[in-house]
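J.: the sequence and its predicted three-dimensional model are supplied below.
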Amino acid sequence: MNFDDIEMIDSYSRSQALADGVLIDISQEARENGFKMPAAITGSLFHSYIKPPAGLEDEGQSISGRLHGLFEMTKAAAAKKWEANRVSFGVMFLMKAGVLERNTMYGRCGARRCRKFQELP
């Protein structure tokens with residue numbers, strides 16, 4: 001699709017979204033889990049699911065553990081199928097003792113970066 005003839009009304013950059021808290025940078029954690037590209041998640045995902053609800057520390061829940069699980073599920077889904085530059089998969093989050101909540105997650109990357117990702121062992 002060519003956007004050369006379309007007048008730009010407004011734009012919102014990744015850096016602006018990070019500064020506003022709309023996106024949360026998880027690039028360092030992603031690198032520690034084998035990703036070779038910058039990574040971010042929505043603030044909503046972070047605050048609703050990645051940051052465990054109070055009281056779940058005794059259940060072994062932590063931000064780093066939940067991110068690790070998310071990264072592993074992303075890698076498993078990416079190894080199976082890409083839909084253009086997007087992959088989708090289900091994840092279960094423990095929301096309170098004994099209560100799991102299933103959500104569909106979407107991973108997305110630029111075309112060049114997706115090809116590099118698919119070449120990872």
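T.: Perfect, thanks for sending it.
J.: CA atoms for contacts and neighbours, from now on please.
T.: Fine.
J.: bridged to T42, which residues?
T.: When bridges are called by DSSP bridges, T42 pairs up with L23.
J.: against I50, how distant is it?
T.: 10 Å (C-alpha to C-alpha, to the nearest Å).
J.: repeat that for S13.
T.: In this view, S13 and I50 are 23 Å apart by C-alpha to C-alpha.
J.: look at the two and report which has more neighbours.
T.: When neighbours are counted by other C-alpha atoms under 10 Å, S13 and I50 differ, and I50 comes out ahead with 21 against 8.
J.: what residues are up against G98?
T.: Contact criterion C-alpha atoms under 8 Å, 6 or more residues apart in numbering gives no residues in contact with G98.
J.: would you list every one of the helices in the chain?
T.: Along the chain, the segments classed as helices by DSSP state H run 14-20, 27-32, 43-45, 63-80, 111-118.
J.: my guess is D25 contacts A19. True?
T.: No: D25 lies out of contact with A19 (C-alpha atoms under 8 Å); the separation is 9.8 Å.
J.: look at those two and report which has more neighbours.
T.: For the pair D25 and A19, the greater number of neighbours falls to D25 (20 against 12), based on other C-alpha under 10 Å.
J.: so what's the more buried one up against?
T.: Contacts for D25 (C-alpha under 8 Å, 6+ apart) come out as 18, 38-41.
J.: separation between it and L18?
T.: Remark: distance between D25 and L18 (C-alpha to C-alpha) = 7 Å.
J.: where does the residue lying closest to F46 once chain neighbours are set aside land on pLDDT?
T.: In space, F46 comes closest to I24 once its chain neighbours are excluded; the distance is 7.4 Å by C-alpha to C-alpha, 6 or more residues apart in numbering. Per-residue confidence at I24 stands at 96 (pLDDT).
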